[in-house]
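J.: Turn this into a model:
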Amino acid sequence: MTPQQAYDFLLRTSIMAGTRGNFPPSVALPMVEVLLDEGINVFEFTMNSVQPIEAMQAVKKRFGGQVMAGMGTVLDVETAKRVIDAGADFVVSPAFQPAVVEEVLKHDVFMAPGVITPTECVNAWAMGVRMLKIFPIGTLGIEYFKAVTGPLGHMKFMCNGGMSAENGQQFLQAGAVALGMAAWLTGDGTWTESRLRSRAHLLRNAVAAARGEASQMA
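T.: Model prediction:
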């Protein structure tokens, strides 16, 4: 999957479902099946979770082209190489580390580095990435997002950290192109199917409202 294909894939739903905690293959597969059924098809497995690479590979094997699956919390070049070799469709990080960005882009893989200041935004964008992960923006709030992105309207932002359906809708309406949703959407690996469906329902409707579309879910 090329960076442009990954970018387009994410923009279709504007949701990247993150998994942090106990998400080995036995947990990840049924979770992905539920969210995929609810229209969410981009999944970020995180390196500080249980068996993240195995879970990512199991999801890609089971669901194939229905999903885009990549790796988050990639904090160094060696880890970047490892997850790319394992077949990650994309790489995301909570921080902007030029060496990691350079390594990922060298392999023609979609990369969304973590940024939080205007300087980080400008420096990361100059490296040629297609999207910035502004993190932890949910805890800082919508006014901070507007202040940072106001002069940087040509850049594309995915909002992560402290996100919910309510503030996610606000960030999309303020100019974000995607939302990275972990704990609020997927929990810690212990949630029931009904709870996952309920959160997916709320989130899809929030995205639809931000886009000015009809409700996605009845």
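
J.: For stretch 125-136, what is the distance to the chain centroid?
T.: When distances are taken as C-alpha atoms, centre = their mean, to the nearest Å, stretch 125-136 is centred 12 Å away from the chain's centroid.

J.: Residues touching it, excluding its own?
T.: 3-4, 7, 10, 92-94, 98, 101-102, 105, 110-116, 121, 124, 145, 148-149, 152, 155-162, 176-178, 180 (C-beta atoms under 8 Å, 6 or more residues apart in numbering). For glycine as for every other residue, the C-beta is placed from the backbone atoms N, C-alpha and C.

J.: buried ones in that stretch?
T.: Residues of stretch 125-136 classed as buried by neighbour count (16 or more other C-beta atoms under 10 Å): 125, 129-135.

J.: What of stretch 78-87?
T.: For stretch 78-87, by 16+ other C-beta under 10 Å, it's 79-81, 83-84.

J.: sorry, back to before: quick check: the two most widely separated of the buried residues of stretch 125-136?
T.: Arg130 and Phe135 (16.6 Å; C-beta to C-beta).

J.: and the contacts of stretch 125-136, which are buried?
T.: For those, buried by 16+ other C-beta under 10 Å: 3, 7, 10, 92-94, 101, 105, 110-116, 121, 124, 145, 148-149, 155-162, 176-178, 180.

J.: Next step: those restricted to helices.
T.: 3, 7, 10, 101, 105, 121, 124, 145, 148-149 (DSSP state H).

J.: ok, so what distance separates the nearest residue to Gly180 once chain neighbours are set aside from Lys60?
T.: Among residues not flanking Gly180 along the chain, Asn160 sits closest, at 3.5 Å (C-beta to C-beta, 6 or more residues apart in numbering). Separation of Asn160 from Lys60 (C-beta to C-beta, to the nearest Å): 22 Å.

J.: Pro207 against Gly168, yeah?
T.: That one is not Pro; residue 207 is Val. Yes. If you go by C-beta atoms under 8 Å, Val207 and Gly168 touch, sitting 7.3 Å apart.

J.: Please enumerate the shared neighbours of those two.
T.: Leu179.

J.: When those two are compared, which one has more neighbours?
T.: Gly168 (26 against 22; other C-beta atoms under 10 Å).
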